[in-house]
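Asks: here is a sequence with its predicted model. Questions after.
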Amino acid sequence: MSTPQTTMSGAEREQAVTRAQSTYSAGPLPWIIKIVVLGLLDAFLVMGAITAVASGAWWILAAIITLLVLLNGIYLPPNRFLPAKYLFPGLVFLSIFSIGVIGYTVYIAFTNYGDGHNSSKDDAITSIQANNTTRVPGSKAYKSTVALKNGKLQLVVVDPATKQVRAAADQEVLAEVKGAELSSIGGIKAVPGYEVLSFSDITKRTKEIAALKVKLDEDPNSAFVRTTTGSASYEYKSTLTYDPAKDTFTDAKGAVYHDSGKGSFVTDDGKRIEPGWKVGVGFENFKRAFTNPDIRGPFLKVTAWTFAFAFLSVASTFALGLFLAIMFNEPRMRGQKIYRVLMILPYAFPGFLSALVWAGLFNQEFGFINEVLLGGARIPWLTDPVWAKVAVLLVNLWLGFPYMFLVATGALQSIPDDVLEAARMDGASTWQTFRQIKLPLLMVPLAPLLISSFAFNFNNFVLIYLLTNGGPQFQGTSLTAGHTDLLISMVFKVAGFGGGNHDYGLASAFAIIIFFIIGGISYLGFRQTKTLENLN
């Protein structure tokens, strides 16, 4: 018996939509909640806009204004843009945490951002003058103390001639402070609005206090005041004179430093003063990666090892996982469930914990592998370039085969029994059945997983970092990289997080190169797997 189908007219559909919308917006409570939430979000965004204006961040200001318009335009109308109300939050987070991060990485790759080039030109000029200083001969001593205001250290001084009390934070101009309380010997006891540090607090922050440099006036070449004890301050002056009109520095010997156009002041013979500032350098970072011998050699070696590691890891884990899946999928084997649980135990432990345990097992002097399994051998598992790579592959095999075992078991159980039965009736051997029937059918669902596994191992940072930290290190190069480093761990070190210098521009360029490598391989791999779909 067939069920009669009813077709809604256009008017009925409109009525149904209207009823749904009225249900959605029924009652005053949802409106009140929506207005309150929108008000809080608007207030937060307005504060961000004010901060962006104060900092001159016009791109951020434009993004905030766009967000404000879209937020209120989508959510204020009660019965419109229903799909957008659900999509908008996800799109915002996607834009900030994915597209925004990628865009910023691309931007940094075309700059010289890193140690010595991490601020603006004005900040660099101020730092150069502050870092190249000498005490003014015969300068007067200022009674002083150190205080906190709004969480920032402030140097508070008493002018010995006028007895005027002035205070300022680092790199700021001293300003008069009213109502300060002085001791009988002219020292500072209390300052309204400031938290004067005790002697014990000052001794705990001697490095920060010694770095405090406060200006006497706005002239960039005038003297400034600093202290090493907290109780007495003296005038210092820069040994480099800055000429704002010519945009040059001149030292005591008459050498002139001019803007090189590459984010630093240099002389005609190439002598440079630090720090510099951040500027755009075009494709310079990419050029360095492929043409600078000090970078190119380690980069090419690490790239070759990264490909080898990813390929060997996928091949070894897949081979072992598939072998175990076939073996434990045999119906006549007893205790299949127990064996399968044992096989996935390595997968149940956190990968970082397993890597640390294996690092101890591979210890050359006291490790379990050398001392017990190999009878006291002294194999340098983690200090020799070849053995370190072998150790990394063995540990990754231990960590990766359970995943391949699970997916291969599932794929095997999805192959129809009648296909295998037909092969046996046709006289196919076990090997022929596996090679010509099972493996091609398995590759249909498993090929995309193998590609994703290759991409994962290509960027398997945690294993390398915890097991070998990329070592042993390359010799004869200034680039911080080692024989077991992958591209991603090398990027981590180039960015300065491995203890070396911070070169964010070069690290971002490497990250973009990795992106194109992985993207290209994945594209070719997925394109090739389309040929397997005909097997269905």
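Replies: That came through fine. Numbers count the residues shown, from 1 in each chain.
Asks: shouldn't residue 464 be in contact with residue 391?
Replies: No - counting by Cβ atoms under 8 Å, residue 391 is not a contact partner of residue 464; they are 11.1 Å apart. C-betas here are computed from N, CA, C, even on glycine.
Asks: off-centre distance for stretch 504-513?
Replies: Chain-centre distance of stretch 504-513: 12 Å, with Cα atoms, centre = their mean, to the nearest Å.
Asks: now that stretch: mean pLDDT?
Replies: Stretch 504-513 shows an average pLDDT of 94 in the prediction.
Asks: same check on stretch 437-454?
Replies: On average, stretch 437-454 scores 88.
Asks: one more: stretch 365-383?
Replies: 91.
Asks: residues of stretch 436-449 that come out buried?
Replies: Residues of stretch 436-449 classed as buried under the neighbour-count rule (16 or more other Cβ atoms under 10 Å) are 437, 438, 441, 442, 444, 446, 447, 449.
Asks: for stretch 398-410, same thing?
Replies: Residues of stretch 398-410 classed as buried: 398, 399, 400, 401, 402, 403, 404, 405, 406, 407, 408, 409 (neighbour count, 16+ other Cβ under 10 Å).
Asks: take those residues and keep only those in helices.
Replies: Among the buried residues of stretch 398-410, the members falling in helices (DSSP state H) are 398, 399, 400, 401, 402, 403, 404, 405, 406, 407, 408, 409.
Asks: between the residues you listed, which sits nearest residue 504?
Replies: residue 399 (30.9 Å; Cβ to Cβ).
Asks: what about the closest one, distance to residue 99?
Replies: According to Cβ to Cβ, to the nearest Å, residue 399 and residue 99 sit 32 Å apart.
Asks: what do you get for residue 40?
Replies: From residue 40 to residue 99 the distance is 25 Å (Cβ to Cβ).
Asks: equivalent analysis for residue 475, please.
Replies: 41 Å.
Asks: so those two - more neighbours on which side?
Replies: Comparing residue 475 with residue 99 by other Cβ atoms under 10 Å, the one with more neighbours is residue 99, at 11 against 5.
Asks: need the pLDDT of the more buried one.
Replies: 90.
Asks: same check, this time on residue 21
Replies: 53.
Asks: all helices for the stretch 351-500 of the chain, in order.
Replies: For the stretch 351-500 of the chain, the helices defined by DSSP state H, counting those that start in this stretch occupy 351-361, 368, 385-413, 417-425, 430-433, 439-458, 461-467, 487-494.
Asks: could you dump these to a markdown table with distance to residue 139?
Replies: Shown next, in a markdown table, are the helices of the stretch 351-500 of the chain (distance: least, Cβ to Cβ, whole Å):
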| stretch | distance to residue 139 |
| --- | --- |
| helix 351-361 | 56 |
| helix 368 | 66 |
| helix 385-413 | 58 |
| helix 417-425 | 94 |
| helix 430-433 | 92 |
| helix 439-458 | 61 |
| helix 461-467 | 51 |
| helix 487-494 | 44 |
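Asks: looking at those, which is closest to residue 58?
Replies: helix 487-494 (30.2 Å).
Asks: and the next element down the chain from that closest one?
Replies: helix 504-529 (DSSP states H and E).
Asks: identify each buried residue in that next one, please.
Replies: Across helix 504-529, burial judged by 16+ other Cβ under 10 Å covers 504-514, 517-518, 521-522, 525, 529.
Asks: what residues sit buried inside whatever helix or strand residue 295 lives in?
Replies: Taking DSSP H and E as the definition, residue 295 sits inside helix 293-328. Within helix 293-328, the residues that count as buried by 16+ other Cβ under 10 Å are 295, 298-299, 301-303, 305-307, 309-310, 312-314, 316-318, 320-322, 324-326, 328.
Asks: just give me how far the following helix or strand past that helix sits from the chain centre.
Replies: Sequence-wise, the next helix or strand downstream of helix 293-328 (DSSP H and E) is helix 336-343. A distance of 39 Å separates the centroid of the chain from that of helix 336-343, by Cα atoms, centre = their mean.
Asks: what is helix 336-343 packed up against?
Replies: Judged by 3 or more Cβ pairs under 8 Å, 6 or more residues apart in numbering; DSSP states H and E, the packing partners of helix 336-343 are helix 293-328, helix 385-413.
Asks: out of these, which is closest to residue 175?
Replies: Here helix 293-328 is closest among the helices and strands packed on helix 336-343 (Cβ to Cβ), at 48.1 Å.
Asks: what packs against that closest one?
Replies: helix 284-291, helix 336-343, helix 385-413, helix 439-458, helix 487-494.
Asks: mean confidence score for it?
Replies: 94.
Asks: next: stretch 234-243.
Replies: Mean pLDDT, computed over stretch 234-243, is 88.
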